[in-house]
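In: A predicted structure for the sequence below; I have some questions about it.
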Protein chains: 2
Amino acid sequence: MQIPILKQGHVLVVCIHAALTDRDLLQLRDELALEIGQRRSHGVVIDVSALDVLDSFASRTLRGIAQTTWLRGAKTIVVGIQAEVAFAMVQLGLVMEGVETALDLEEGLALLATSEGASGGRD
Amino acid sequence: MQIPILKQGHVLVVCIHAALTDRDLLQLRDELALEIGQRRSHGVVIDVSALDVLDSFASRTLRGIAQTTWLRGAKTIVVGIQAEVAFAMVQLGLVMEGVETALDLEEGLALLATSEGASGGRD
């Protein structure tokens, strides 16, 4: 399944609408790493609000995506983790250390904008 | 192999054009620490875009260089990590925590310029 990657200014936005297979997630990681280079993006927001489960592979891959994009020069924020999903993740110990999060897409974009502002705004 | 260190204003630029031996990397670290003092630099950009592999020693040394230059008063940004290199690094757990990154030399210099601006400009 192709996951659309939208561009908003210097930010790439990925809305995950349905449960993804492990292969989809890896494909997303590869595409994001390339798009960051092509579109010179400084940030990535991944919206997982439609997901009602985030298993160990998915959370590990999201963390891997965040680390990969960081090495490519862009900051990733995961947004929209539902309360029930968060409960389950914590119980399973899947806390995605080192990954920034925000409540929803709006907050995620605001967070990226302010962190760019703090570093002086790369624009 | 001598790695050239270029000066651009208050920034030192190092372009790594070929795979380096461990000894070259340590020599680069030593030279950078000295040059920062001699040239009163506030930032260092290390361009690794020509490298198609960054192993554990190289990434650890880059991190060590970043920490060394920081203690000497200059911020290091590693730029140009290729997508494939980033995937491999994340899989091996070589995420260079604490090291700032940017897409390419241009973005790295812009980041340093704005972070100097944000900190009031040490010039």
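Out: Thanks, I have the structure now. Numbers count the residues shown, from 1 in each chain, chains lettered A, B, ... in the order given.
In: Report the helix or strand with the lowest average pLDDT across chain A.
Out: Among the helical and strand segments of chain A, the one scoring lowest on mean pLDDT, DSSP states H and E is helix A:105-118, with a mean of 88.
In: Just the CA coordinates for that one, please, in CSV.
Out: Extracted in CSV, the C-alpha atoms of helix A:105-118 (Å, rounded to 0.1, in the frame of the first residue of the first chain):
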residue,chain,number,x,y,z
LEU,A,105,-1.2,17.3,13.4
GLU,A,106,-1.8,21.0,14.3
GLU,A,107,0.3,20.7,17.5
GLY,A,108,3.0,18.8,15.6
LEU,A,109,3.3,21.4,13.0
ALA,A,110,3.4,24.2,15.6
LEU,A,111,6.1,22.3,17.5
LEU,A,112,8.2,22.0,14.4
ALA,A,113,7.7,25.7,13.5
THR,A,114,8.8,26.8,17.0
SER,A,115,11.8,24.4,17.0
GLU,A,116,12.8,25.9,13.7
GLY,A,117,12.3,29.3,15.2
ALA,A,118,14.5,28.4,18.2
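In: Contacts (any at all) between chain B and the lengthiest helix in chain A?
Out: Across chain A, the longest stretch assigned as helix under DSSP state H is helix A:22-39. Yes. Helix A:22-39 lies within reach of chain B by Cβ under 8 Å from any Cβ of the partner chain, at A:Arg29, A:Asp30, A:Ala33, A:Leu34, A:Ile36, A:Gly37. Every residue, glycine included, has its C-beta placed from N, CA and C.
In: how about JSON lines for those, with neighbour count, pLDDT and distance to A:Ile65 added?
Out: Converted to JSON lines, the residues of helix A:22-39 next to chain B look like this (neighbours: other Cβ atoms under 10 Å in any protein chain shown; pLDDT from 0 to 100; distance: Cβ to Cβ, whole Å):
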{"residue": "A:Arg29", "neighbour count": "22", "pLDDT": "93", "distance to A:Ile65": "5"}
{"residue": "A:Asp30", "neighbour count": "15", "pLDDT": "93", "distance to A:Ile65": "10"}
{"residue": "A:Ala33", "neighbour count": "24", "pLDDT": "93", "distance to A:Ile65": "8"}
{"residue": "A:Leu34", "neighbour count": "14", "pLDDT": "93", "distance to A:Ile65": "13"}
{"residue": "A:Ile36", "neighbour count": "25", "pLDDT": "95", "distance to A:Ile65": "11"}
{"residue": "A:Gly37", "neighbour count": "16", "pLDDT": "93", "distance to A:Ile65": "15"}
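In: which one among the residues you listed gets closest to chain B?
Out: A:Ala33 (3.9 Å; Cβ to the nearest Cβ).
In: Next one: the spatially closest residue to that closest one that is not a sequence neighbour relative to B:Cys15, how far apart?
Out: Here the nearest residue to A:Ala33 in space, its sequence neighbours aside, is B:Ala83; by Cβ to Cβ, 6 or more residues apart in numbering or on different chains that works out to 3.9 Å. Distance check for B:Ala83 against B:Cys15: by Cβ to Cβ, to the nearest Å, it reads 19 Å.
In: quick one, which of these two is more surrounded?
Out: B:Ala83 (20 against 17; other Cβ atoms under 10 Å in any protein chain shown).
In: what's near enough to touch that one?
Out: Applying Cβ atoms under 8 Å, 6 or more residues apart in numbering or on different chains, we find B:Ala83 in contact with A:Asp30, A:Ala33, A:Leu34, A:Gly37, A:Thr68, A:Arg72.
In: what's the pLDDT at it?
Out: Note on B:Ala83: pLDDT of 94.
In: ok, now A:Leu20?
Out: 84.
In: give the contact list for it.
Out: A:Met1, A:Ile3, A:Leu28, A:Ala58.
In: Restricted to strands, list those residues.
Out: Counting by DSSP state E, the contacts of A:Leu20 place none of their members in strands.
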